[in-house]
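[1] predicted structure and sequence below. I'll ask about it afterward.
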Amino acid sequence: MEYQGRDNRVFAKACPPLPPPSQPPSPGSGYRAPGYTEITLVSNQPYDPAMNGYYLQLFRSAVKDIRYDGYEQVRNIDGRFSVVCRAKVDCDTARRYVMSYKEGGYIRSGQVRCFDGRTLWI
């Protein structure tokens with residue numbers, strides 16, 4: 001099933017996220033749980049605090065195929081609605097997901113920070 005955004009962009013429906021890990025990160029700590037990849041998705045949508053809840057629901061729908069653990073942080077990156085999340089997938093798998101979102105026109109750019117220390121810009 002797909003959802004159509006306010007500007008007619010289409011987003012895929014997702015399964016609910018996995019429960020968060022037993023030790024959540026402290027805000028701004030740069031914490032990455034062992035075995036988790038940190039994914040930043042910069043959307044095509046303008047950052048609008050009034051629309052963040054709606055955009056966040058679309059984000060949750062879009063990450064259905066990622067073993068997303070429920071950790072998410074909304075950010076304003078270059079004036080665009082963005083989300084940082086953590087997923088229990090290897091770096092190459094996360095990179096492929098982010099590339100497919102970008103090629104599909106769902107996001108403007110992405111970043112994958114791997115648990116082995118690598119950072120990939122997409």
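    Yep, it's here.
[2] any weak-confidence spans in the chain?
    Residue ranges of the chain with pLDDT under 70: 1-34.
[3] could you pull out the helices for this structure?
    Ranges of helices in the chain, per DSSP state H, are 52-62, 91-103.
[4] nearest to residue 116, of the ones you listed?
    helix 91-103 (6.9 Å; CB to CB). The C-beta positions use only the backbone N, C-alpha and C, and glycine is treated the same way.
[5] and the closest one, what's buried?
    Across helix 91-103, burial judged by 16 or more other CB atoms under 10 Å covers 91, 93-95, 97-98, 101-102.
[6] got it, and stretch 111-122?
    111-115, 120, 122.
[7] so what's the gap between it and the chain middle?
    Counting by CA atoms, centre = their mean, to the nearest Å, stretch 111-122 is centred 13 Å from the centre of its parent chain.
[8] try stretch 109-119
    Its chain's C-alpha centre and that of stretch 109-119 lie 12 Å apart, by CA atoms, centre = their mean.
[9] doesn't residue 88 make contact with residue 38?
    No: at 11.4 Å, residue 38 and residue 88 do not qualify as touching, with contact defined as CB atoms under 8 Å.
[10] so which of these two has more stuff around it?
    residue 38 (22 against 17; other CB atoms under 10 Å).
[11] and the more buried one, bridged to which residues?
    Beta-bridge pairing for residue 38 (DSSP bridges): residue 86, residue 113.
[12] rewinding a little: tell me which two in the buried residues of stretch 111-122 are the farthest apart.
    Of all pairs in the buried residues of stretch 111-122, the most separated under CB to CB is 115 and 122 at 17.3 Å.
[13] and residue 90, how many neighbours?
    Here the number of neighbours of residue 90 (other CB under 10 Å) works out to 14.
[14] quick one: contacts for it?
    37, 114 (CB atoms under 8 Å, 6 or more residues apart in numbering).
[15] how about a cut-off of 10 Å?
    35, 37, 96, 114-116 (CB atoms under 10 Å, 6 or more residues apart in numbering).
[16] which of the residues you listed lies closest to residue 47?
    Nearest to residue 47 out of these is residue 37 (CB to CB; 23.9 Å).
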